[in-house]
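Peer 1: below are the sequence and a predicted model for it; my questions follow.
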Amino acid sequence: MRRGGSLGDTIFEWACRGAGVFVLLLLGAIIVELFIAGLPAFQAFGLGFLISTDWDPVQEVFGAGVSVYGTVVTAVLAIVLAVPLAFGVAFYLTELAPAWLRRPVGTAVELLAAVPSIIYGMWGFFVIAPAFAANLQPWIIDNIGELPLIGIFFQGAPFGTGIFMAAFILAIMILPFIAATMRDVFEQVPPVYKESAYGLGATTWEVMKGVVIPYTRSSVVGGIMLGLGRALGETMAVTFVIGNANRISASLFGPGNTIASLVALEFGESETGSLKLASLLALGFILFVLSFVVLAASRYMLRSRLKA
Amino acid sequence: MSLSLTAGMVPGPRKDPAVAAALGRRRKRADRIIRSLCVAATLVALGFLASILFTLTIRGFEAMSPRVFTHITAAPGSEGGLLNAIVGSIIQAALGTAIGTPVGMLVGTYLAEYARGSKFGNLVRFVSDILLSAPSILIGLFVYQILVLPFGGFSGWAGVAALAIIVIPVVVRTTEDMLNLIPNTLREAVIGLGAPKWKMIVLICWRSAMSGIITGILLAVARVAGETAPLLFTSLGNNAWSIDLTKPMASLPIAIYSFAGSPFEDWIALAWAGALLITLGVLGLNVLARAVLSGRK
Amino acid sequence: MNRRSFLLGAGATLSLPIIDARAQGTQITGAGASFPNPIYQKWAEAARAAVGVQLNYQSVGSGAGINQIRNRTVDFGATDAPLTAQQLQEGNLLQFPTVMGSIVPIINVPGIEDEQLKLTGEVLADIFLGKITRWNDQRIVALNAGVNLPAQAIAPVYRADGSGTTFVFTSYLSATSAEWKDKVGAATSVRWPVGNGARGNEGVAGGVRNTRGGIGYVENAYATANRLVTTQLRNKAGNFVKPKMENFVAAATNADWSVPGFAASIIDQAGANSWPIVSPTFILLPTNPQDPARSAHVRRFFDWAFTSGDDLARELEYIPLPAATKTAIRAAWRTQFGA
């Protein structure tokens, strides 16, 4: 009995550990495979591949510059748009909402994270972009677009789609992730801290600003990085609304591309063994490195919360 | 932090009550404004969800008919449905979950029961979390490299593999979290009875964490059911009826993606019907998952 | 007859319960171009009952189609851009066209009606090169005497996904504008100097519809079904022609098909009424099939399509091949594979 137990224990423990090793190998294999597959592109274009803004399938000249730029700009802009909203939602859910409302509202916001990416794409393309192009965008172009300095970011034809629209849709998609993290860490602030501040006569906002945010700052940044990591790799939604142009335009209303959208759009017409396919896979490798760095940073920031 | 806090709050020496009152009013006003902004932010977020559901309902119901469930995708102008895509999605999501779940549970168990605090455990946890948030399109590209290219073509199995890889970290996360909630005293009690550790884990820990693990699995199914990007390069989609996993296989997200970009009205309508179906399915699974968790708690 | 009700009628007679679909016939597989995918699906449905051949066609894109037939993982490949004689020989492939499609410019200019605006290939190229940026540009005005063109900025929209449609359209621009050929060229996706990209026909049409001053290009089937505002184009003979079926057919009839691999260029075809952007799509069939019986089924399928599939093609706004071309293709089959 005892021996059977220890044999069973050994088998079970090794099965568990083996599964853990498998996950490690999986990540390693993804990195290595993408690198090997993209190698012909790195060999053909050297390090210049990373910054070259050329993407010319006719001449077979490829560069990652435009899509890397688009990936980073849309993700960062999405964060800028999403963080205030997410903060508002988290603040509302932890401090303001009546108890009976917290659960349904919290669930509804979390459901935003469950809506499939492609649905966001269709909604953005068929509903939001036309509405934006018809109502808000012409006004912005006519008014803000004429201003010195910042005007250049808001010029161009009112297509609706473009870098800004992609960032906007991304912002909605990552909002629930950031809001959920913020809510969770806000709730972890020991009540006694908050109560003593209230006791001193602080308003709700002052408690948030003076107690909760300083207490949770690193975790909040970690949550934001998590959102950033998600935004970098979003594919289908961005593909629908970014305008898909392989050039960099100063205006946020101009079209662009992200790594993920370019890969999704051009993959089907790329022949096996072609330099184009290798370049797309090399882009995949770059995206992986980008996401890896951001997600690792996010985890580092959130470590205190994870320990708790 | 305490400095700034008291600086704003304690009105200072009792010399000038008027100043103190004005300060108080300003603080109250700032508080009210921020509170209203937060309510507005929440309403905006809920508004987005409502708008998505509204759009899907309006455009999806227009195209919804029994035909969607009884016919396979067909040429434009012919009576087509989405049966092959629905079945393909179910097969791939089910197999992907069936393959990814045991692996994920074992990893989660390893992290919670064997590797707490160990360096290797931390590394595995880190890697699993990276996989959890890694762009799914990259997982598609990876599977394309290892399963599609060497084996001569797109296949249902390749799609299943891609989805399984997405399932694993979701299940790891919830399994570990749920096992961590189990009090150590329970473990000690069972071990004290002379049971081997694996029996303790399987019979006691897994069982008491069951509702949480089921929640994780449901969330994983919901996640992969709506995935499009990884399937683009793996199972590809199929216009014909096929449940042969060695051949390209249809799926709802891919059918939506290709029909939404087509020039034919009936195909675009089908895309909306599919979009409604998949969203209802995914949101339904999410709500169900939450119900499971709260029902057994 | 109303197109929609006609399609519904056709659909009712053609639709088969899926059980039948699985049970009957020999299965053949093909993969490749997405441009002819709708008509191949349509033919497949009808041929299943008519000749007992069940076609499973995967619309994976021309590039992947060529690749799959080179590796012989399918019975035939399909491509929008014809392979050269040398490529065909290297791959042991026989190439023949099946059907043609036409591409039309679509615009969104206030006050301009369908088939009213006149454009030329050079002007189109310069618009997509970013050299003509306003609708009241001298060169557009010169072509459209008496039309009141606004000072609206032009917003070009193109297909962002790699597509045969883009290949045909950029081939046309290359044929009519030396500068386009030199700077951009023709391919399933190119480096567009200006404009916004969108996915699929729907994306381009949506982009044009939503954008005042927009211009794009879509398959004719799409423009017709959605009543988009199209333009006239000047053809090689110097006439302005409207995007109409008879003008598409004129282009096909005037083409010289007697080139290796039937790789006829119908782009900017001679002839008084020829619509200038018409292009065939091709099938690639191994000359040394691993399974001769299946190869014969492929030919049987397309033989049926040539004989009985023209009406279905026209229904979906594709252009059937001229009778003489079909005869030549059948002759090529006989030469290659025997009777």
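Peer 2: Done, it's in. In this text, all values refer to a predicted model and were calculated from it rather than measured experimentally.

Peer 1: wait, is C:L55 part of a strand?
Peer 2: Yes: under DSSP: H, G, I helix; E, B strand; the rest coil, C:L55 sits within a strand.

Peer 1: thought it was touching C:R300?
Peer 2: No: when contacts are counted by C-beta atoms under 8 Å, C:L55 is not listed as touching C:R300 (10.7 Å). For every residue, glycine as well, the C-beta is placed using N, CA and C.

Peer 1: the more surrounded of those two?
Peer 2: More neighbours surround C:L55 than the other of C:L55 and C:R300, with 26 against 16 (other C-beta atoms under 10 Å in any protein chain shown).

Peer 1: so who does that one touch?
Peer 2: C:27-30, C:40, C:43-44, C:47-48, C:301 (C-beta atoms under 8 Å, 6 or more residues apart in numbering or on different chains).

Peer 1: pull out the buried residues from the helix or strand in which A:L111 is found.
Peer 2: Taking DSSP states H and E as the criterion, A:L111 maps to helix A:99-114. In terms of neighbour count (16 or more other C-beta atoms under 10 Å in any protein chain shown), helix A:99-114 has its buried residues at A:105-106, A:109-114.

Peer 1: ranges for the strands of the stretch 151-300 of chain C?
Peer 2: Along the stretch 151-300 of chain C, counting by DSSP state E, counting those that start in this stretch, strands occupy C:155-159, C:196-198, C:214-219, C:232-234, C:240-241, C:278-286.

Peer 1: tell me which of those sits nearest to chain B.
Peer 2: Counting by C-beta to the nearest C-beta, chain B lies closest to strand C:214-219 out of the strands of the stretch 151-300 of chain C; the figure is 5.6 Å.

Peer 1: pLDDT below threshold where in the chain?
Peer 2: With no chain named, the answer covers chain A. Scanning chain A for pLDDT under 70 picks out the ranges A:1-5, A:304-308.

Peer 1: right idea, wrong chain: chain C
Peer 2: In chain C, residues with pLDDT under 70: C:1-25, C:339.

Peer 1: nearest to chain B: which residue in it?
Peer 2: For chain C, C-beta to the nearest C-beta, closest residue to chain B: C:G200, 2.3 Å.

Peer 1: so that residue touches B:S262, yeah?
Peer 2: Yes: the pair C:G200 / B:S262 is scored as a contact, 6.6 Å apart, by C-beta under 8 Å.

Peer 1: out of those two, which sits in the more crowded spot?
Peer 2: C:G200 (25 against 22).

Peer 1: apart from its chain neighbours, what residue comes closest to that one?
Peer 2: B:G261 (2.3 Å; C-beta to C-beta, 6 or more residues apart in numbering or on different chains).

Peer 1: about what we covered before: what lies in contact with the next helix or strand after the helix holding A:L111?
Peer 2: Heading C-terminal from helix A:99-114, the first helix or strand you meet, by DSSP H and E, is helix A:117-123. With contact meaning C-beta under 8 Å, 6+ apart, helix A:117-123 is reached by A:169, A:172-173, A:234-241, B:51-52, B:55-56, B:226-229, B:253, B:256-257, B:260, B:271-272, B:275, B:278-279.

Peer 1: quick one: contacts for A:G70?
Peer 2: The contact partners of A:G70, by C-beta under 8 Å, 6+ apart, come to A:163, A:166, A:242, A:248, A:256-259, A:261.
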